[in-house]
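Participant: Pasted the sequence and its predicted model underneath.
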Protein chains: 2
Amino acid sequence: MENIVIGVDMGATHIRICLMNLQGNILLTERRKTQNVIAKGLVQGLTDFCQQFAKTDKVSQIVIGLPAAISKDRRQVLSVPNIAFSQAEFNQISPALSAHFHCPVKLERDVNLQLVYDVYHHDIKDKLVLGAYLGTGMGFAIWLNGELFIGSHGVAGELGHIPYGDEKIQCNCGNQGCLETVCSGIALKRWYDSQPFDFPMDLLFQQKANDDFVQHYLNHAAKAVSAAVNLFDADALILGGGVMDMQDFPLPKLKQLIAQYVRKPLPYQELSIIKAESSSFNGAIGAALFALTQQEKK
Amino acid sequence: MENIVIGVDMGATHIRICLMNLQGNILLTERRKTQNVIAKGLVQGLTDFCQQFAKTDKVSQIVIGLPAAISKDRRQVLSVPNIAFSQAEFNQISPALSAHFHCPVKLERDVNLQLVYDVYHHDIKDKLVLGAYLGTGMGFAIWLNGELFIGSHGVAGELGHIPYGDEKIQCNCGNQGCLETVCSGIALKRWYDSQPFDFPMDLLFQQKANDDFVQHYLNHAAKAVSAAVNLFDADALILGGGVMDMQDFPLPKLKQLIAQYVRKPLPYQELSIIKAESSSFNGAIGAALFALTQQEKK
């Protein structure tokens, strides 16, 4: 029996878990289909999922990452992720698991936990770091003063929803023309589906890197990320996410555009641009690392 | 003889001073033509300008606001303001005045001092506040965790230089297509000068509020400001500056566009939008208030 923290990264397709001891050593990482885990209900499914790995260990803190906006106190969801349960059910996760494991249970925006992982992995906890994760959406997170920056109401960093997209398209968030309407995995897939391509989407950048759409797509990403770099005056920018992990993604071109748009002489001269590693367990490991910091705060 | 701090707000046209005692009471505000003050040289002119008002008072701290990017240590300029002296001469201000007055002398970005004034005036020091000041440029400043947020290298908040302008126009900063190319007093005057208008520029909004250019202009401002609100998840947004102080500036329309672009439900539901007062001494008073906080830090 050991004292541990648990990090969970719950997506619409897969759910991942990381068990970590209080010295920060990873004890276990596992992955399951989300659908199977929550077949018996969201709260019961999550409880059993954590319990089956924790066994008899004493759990000190649990952090659960979700693709959702989270309340300032990190115990409720403000938007319902793309997982077929109601807001009320999501809001039962924290109290129910807290009662079961006799420890604090916090929810967190999944992309914030990706950034926690990257900040620890690259040992830049003392820097001002921005993380741009181009996946299904345009994920973005901010590391400031040695911790995640979540803003006044818990919803800072919504780069995907700045109003620099296609005003004719309504975003999933309800607003018209958010950045994600032109710069996200969804926007990329919409374009792919509209074209008569005879290759799988995985090979999009290998086949079409010089297409005008791809050039505009990179330009949208570079402008938005550069705007954030200029506003926060960051030390480091992490670039990652499923789209950037696709074969032959034109990362050098993206970096060149960012260098073009970032303000001179500063932050341009001092900005480090770092490619995130693409391990699928980073979110869960980040959740466990974050749980550990919450533990230290007690 | 009294212990005082001095705040100076130095623009290309006017220079303003505020003397404040250590209890935060304003003792004096004065304004002169910048050209006359610095006729005998930048450092000598500034020294004499401060000395003539300070007389025999003991000066504890001086803060000088400039329309320039300032080094992280607040003692040098990174860009030269539109005042006819070299970078080397600007960099003599802090050491020379410090030696003369036997106190610390710091330079500050002028728009940051505007925000200090507004944050004190509205008593919102405990809030996350963004200030957008549409004047000659698109001034922007950030108040976070009870103090000015200046980023990793001292240059945070450069909303005027996010890459959402007209890519065909080179910005004064050297980059192409910064926001200021379409959203600044300069951009407004460029348009006014290109039109066959027979009314003075002061009446632009009274005469042409419904012109397409003005509508696009407001839209540029609203998008940029909303992007910053979404990224920082602010409590309050201060709107001010010379353009917004012009007669019949369509502030309700600007506010409506911002409400349209800010992310729902948060920060939208909780965001306060506040019009800045348009007194010309706010920058100098803000400089003195900021000098006082530096004094407390010692």
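Facilitator: Now that the structure is in, tell me what you want to look at. Bear in mind that the values here come from a model prediction, so they are computed numbers and not experimental data.

Participant: Quick one: the strands in chain A, in order.
Facilitator: Remark: strands assigned in chain A by DSSP state E are A:3-10, A:14-21, A:26-33, A:58-66, A:105-109, A:129-134, A:138-144, A:147-148, A:236-240, A:272-275.

Participant: Same list (these) but as JSON lines, adding distance to chain B, mean neighbour count and mean pLDDT.
Facilitator: Yep, even glycine has a C-beta here, placed from its N, CA and C like the rest. Supplementary listing: these in JSON lines, determined by distance: least, CB to the nearest CB, whole Å; neighbours: other CB atoms under 10 Å in any protein chain shown; pLDDT from 0 to 100:
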{"stretch": "strand A:3-10", "distance to chain B": "22", "mean neighbour count": "27", "mean pLDDT": "97"}
{"stretch": "strand A:14-21", "distance to chain B": "26", "mean neighbour count": "23", "mean pLDDT": "97"}
{"stretch": "strand A:26-33", "distance to chain B": "30", "mean neighbour count": "14", "mean pLDDT": "98"}
{"stretch": "strand A:58-66", "distance to chain B": "16", "mean neighbour count": "24", "mean pLDDT": "97"}
{"stretch": "strand A:105-109", "distance to chain B": "11", "mean neighbour count": "25", "mean pLDDT": "98"}
{"stretch": "strand A:129-134", "distance to chain B": "10", "mean neighbour count": "27", "mean pLDDT": "98"}
{"stretch": "strand A:138-144", "distance to chain B": "8", "mean neighbour count": "26", "mean pLDDT": "97"}
{"stretch": "strand A:147-148", "distance to chain B": "11", "mean neighbour count": "17", "mean pLDDT": "98"}
{"stretch": "strand A:236-240", "distance to chain B": "9", "mean neighbour count": "23", "mean pLDDT": "98"}
{"stretch": "strand A:272-275", "distance to chain B": "11", "mean neighbour count": "15", "mean pLDDT": "98"}
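
Participant: and the ones you listed as CSV, adding distance to B:L257?
Facilitator: Formatted as CSV, these follow (distance: least, CB to CB, whole Å):
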stretch, distance to B:L257
strand A:3-10, 36
strand A:14-21, 40
strand A:26-33, 44
strand A:58-66, 31
strand A:105-109, 27
strand A:129-134, 26
strand A:138-144, 22
strand A:147-148, 30
strand A:236-240, 29
strand A:272-275, 33
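
Participant: Identify whichever of those strands lies nearest to A:F197.
Facilitator: strand A:129-134 (20.1 Å; CB to CB).

Participant: what are the ranges of the helices in the stretch 151-298 of chain A?
Facilitator: A:185-194, A:204-208, A:212-232, A:251-261, A:282-297 (DSSP state H, counting those that start in this stretch).

Participant: Can I get those in a markdown table including distance to B:S184?
Facilitator: Converted to a markdown table, the helices of the stretch 151-298 of chain A look like this (distance: least, CB to CB, whole Å):
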| stretch | distance to B:S184 |
| --- | --- |
| helix A:185-194 | 31 |
| helix A:204-208 | 37 |
| helix A:212-232 | 15 |
| helix A:251-261 | 18 |
| helix A:282-297 | 40 |
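
Participant: Let's see the pLDDT reported for the residue nearest the centre of chain A.
Facilitator: The centroid of chain A falls nearest to A:V111 when counting by CA atoms, centre = their mean (1.7 Å). If you check A:V111, the pLDDT there is 97.

Participant: Quick check: the gap between A:P265 and A:A234.
Facilitator: 15 Å (CB to CB, to the nearest Å).

Participant: domain parsing for chain A?
Facilitator: With domains defined by automatic domain parsing, chain A comprises A:3-112+A:280-296, A:124-275.

Participant: Return the residues of the stretch 101-250 of chain A in contact with chain B.
Facilitator: Neighbours of chain B within the stretch 101-250 of chain A, by CB under 8 Å from any CB of the partner chain: A:127-128, A:140, A:142, A:145, A:150-159, A:161-164, A:173-176, A:222-223, A:226-228, A:230-235.

Participant: Name only those of those residues that count as buried.
Facilitator: Buried members of those, counted by 16 or more other CB atoms under 10 Å in any protein chain shown: A:127-128, A:140, A:142, A:150-159, A:161-164, A:173, A:175-176, A:222-223, A:226-228, A:230-235.

Participant: quick one on the thing from earlier: and the gap between the residue nearest to the centre of chain A and chain B?
Facilitator: Per CB to the nearest CB, to the nearest Å, A:V111 is found 13 Å from chain B.

Participant: What of A:Y117?
Facilitator: Distance, A:Y117 to chain B, by CB to the nearest CB: 21 Å.

Participant: can you count the residues close to that residue?
Facilitator: The tally of other residues near A:Y117 (other CB atoms under 10 Å in any protein chain shown) stands at 28.

Participant: wait, isn't it in contact with A:S278?
Facilitator: No - the criterion here is CB atoms under 8 Å, and A:Y117 misses it with A:S278 at 11.5 Å.

Participant: returning to that earlier point: nearest to A:T34, of the helices of the stretch 151-298 of chain A?
Facilitator: By CB to CB (comparing all of these), the closest turns out to be helix A:282-297, at 12.8 Å.
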